[in-house]
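Asks: quick one, structure for this:
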Amino acid sequence: MKILLIGYGTMNKITARLAEEEGHEIVGIIAGSGKDAPYPAFGTIDAAEADVAIDFSHPELLLPLLEDEVKTPLVIATTGQKEEIVSILKEKSTSLPVFFSANMSYGVHVMNTLLKKALTMLDEFDLEMVERHHNKKVDAPSGTLVKLLDTALEHRDESYPVYDRSNVHEKRKKEEIGVSAIRGGSIVGTHDVIFAKDDEVIEITHQAQSKEIFANGALKAANVLVNRPNGFYDYNNLFEER
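Replies: Numbering: from 1, shown residues only. Prediction:
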């Protein structure tokens, strides 16, 4: 594949290395000012004439690019401003194939599937969610935790997230879903979903041990996406035959 990279931070540097090891060609990048890369720089997505564009950037870079007409298939992993980005991508998916995931790890997709099953069986349990990431991550909670939270909110009527209990002086309500974000060191990414009731606790945990799993996930999605008809895809439908 001929690949355009949107963003040229740590994740897309890893993506470039893994893509070239697999025999793909990086035809260029779109990045913010000051980025020094060994690839041609472009200002619009279609100008690169790539087979697919892989994005590991941020809304400030991605959203202006999506204001243009785009024909290049898109693999999007930007976190932050999720609802706005997904809304735009769904509009564009009528004329090109688009894959979006807040977390490119297939293991996180499996975790979300397990969470859906657990929510149907553990409705009497209190639910808390915790994510941990490195000290350079700028958004919180992570896009992955937001996705897990959305799943929980869909399955628990009248539930709501609680992000800060520092000014609350009353016992926990059953409808609460506690959300916590930890930032420190070089933690790649850990997500815990905790079901707790009297005398027992059940936890579902995904721990990323390297950033390569996200780059490999994006490349795997891109390989399939370029042969898919126009539409909006995620891990729930990308690998299914239509």
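
Asks: which secondary structure element contains the closest residue to Ala181 other than its chain neighbours?
Replies: Nearest non-adjacent residue to Ala181, counting by CB to CB, 6 or more residues apart in numbering: Ala140, 4.0 Å away. For the C-beta atoms, the positions are set from N, CA and C on the backbone; glycine is no exception. Assessed by DSSP states H and E, Ala140 sits outside every helix and strand.

Asks: surely Ala140 touches Arg183?
Replies: Yes: counting by CB atoms under 8 Å, Arg183 is a contact partner of Ala140 at 7.1 Å.

Asks: grab the most central residue of this protein for me.
Replies: By CA atoms, centre = their mean, the chain has its centre lying nearest to Ala102, at 1.2 Å.

Asks: you'd agree it is up against Ala77?
Replies: Yes: here Ala102 reaches Ala77: they are 7.3 Å apart, a contact under CB under 8 Å.

Asks: helices of the chain, residue ranges please.
Replies: All helices of the chain, identified by DSSP state H, fall at 10-21, 59-66, 82-92, 106-121, 143-155, 212-225.

Asks: how about those helices, which one is nearest Ala48?
Replies: Smallest distance to Ala48 across those (CB to CB): 11.4 Å, for helix 59-66.

Asks: now do that closest one: distance to the chain's middle.
Replies: How far helix 59-66 lies from its chain's middle: 16 Å, per CA atoms, centre = their mean, to the nearest Å.

Asks: using PDB, list the CA coordinates for that helix.
Replies: Extracted in PDB, the C-alpha atoms of helix 59-66 (Å, rounded to 0.1, in the frame of the first residue of the first chain):
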ATOM      1  CA  PRO A  59      -8.200  17.200  16.600                       C
ATOM      2  CA  GLU A  60      -6.400  20.500  15.900                       C
ATOM      3  CA  LEU A  61      -4.600  18.900  12.900                       C
ATOM      4  CA  LEU A  62      -7.300  16.500  11.800                       C
ATOM      5  CA  LEU A  63     -10.500  18.500  11.800                       C
ATOM      6  CA  PRO A  64      -9.300  21.200   9.300                       C
ATOM      7  CA  LEU A  65      -8.200  18.500   6.900                       C
ATOM      8  CA  LEU A  66     -11.600  16.900   7.000                       C
END
